[in-house]
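Whatever this is, show me its structure:
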Amino acid sequence: MKDSDYYVSSDRRPRPKLTTPQEDENIRRAVQDDPFTNAVAIRESLHLNVTPQTIRNRLHGAGIHHRVVLPLTKR
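Below you'll find the model as predicted:
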């Protein structure tokens, strides 16, 4: 889209979301029920066809930034 030696900016639409609002809510609830679960386990339990990164993105978007705590080892 070149217009007299200047590039014209066109309106861009965001990429469509892969999850529905109901699925996003189910992801949030899964973490509230078990804070030590991970994205792969959530994906498998909810039967979602998305990557674990998508699950993490939805959680981060909801303000949930959990980290899994390593268990203490006995010396």
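
middle-most residue in the protein, spatially?
Centroid-nearest residue in the chain, with C-alpha atoms, centre = their mean: Asn57, separated by 2.5 Å.

residues touching that residue, list them.
When the contact criterion is C-beta atoms under 8 Å, 6 or more residues apart in numbering, Asn57 has no partners at all. All C-beta atoms are positioned from the backbone trio N, CA, C, and that covers glycine.

Let me see the backbone angles for it.
Dihedral angles phi and psi of Asn57 (degrees, to the nearest 10) take the values phi -60, psi -40.

likewise Pro21?
Torsion angles, degrees, to the nearest 10, at Pro21: phi -60, psi -30.

Could you shift the numbering so residue one becomes 8, and keep it that way?
Done: numbering now begins at 8, and the last item shifts to Pro28.

From the structure, what's the count of residues near it?
8 (other C-beta atoms under 10 Å).

any idea how far it is from Gly68?
12 Å (C-beta to C-beta, to the nearest Å).

pLDDT weak spots in this structure?
8-12, 75-76 (pLDDT under 70).

Which parts of it are helices?
Assigned by DSSP state H, the chain shows helices spanning 28-40, 46-53, 59-68.

and the last one, how far out from the chain's middle?
Read it as helix 59-68. 2 Å (C-alpha atoms, centre = their mean, to the nearest Å).

out of the helices of the chain, which comes closest to Tyr14?
helix 59-68 (30.4 Å; C-beta to C-beta).

Using neighbour counts, pick out the buried residues of that closest one.
Within helix 59-68, the residues that count as buried by 16 or more other C-beta atoms under 10 Å are Thr61, Ile62, Arg63, Asn64, Arg65, Leu66.

out of the residues you listed, which one sits closest to Tyr13?
Asn64 (35.3 Å).

I'd say Ser52 and Ala37 touch.
Yes: with contacts counted by C-beta atoms under 8 Å, Ser52 reaches Ala37, the gap being 6.5 Å.

And the two? Which one has more around it.
The residue with more neighbours, out of Ser52 and Ala37, is Ala37; 19 against 13, by other C-beta under 10 Å.

Brilliant, that's me finished.
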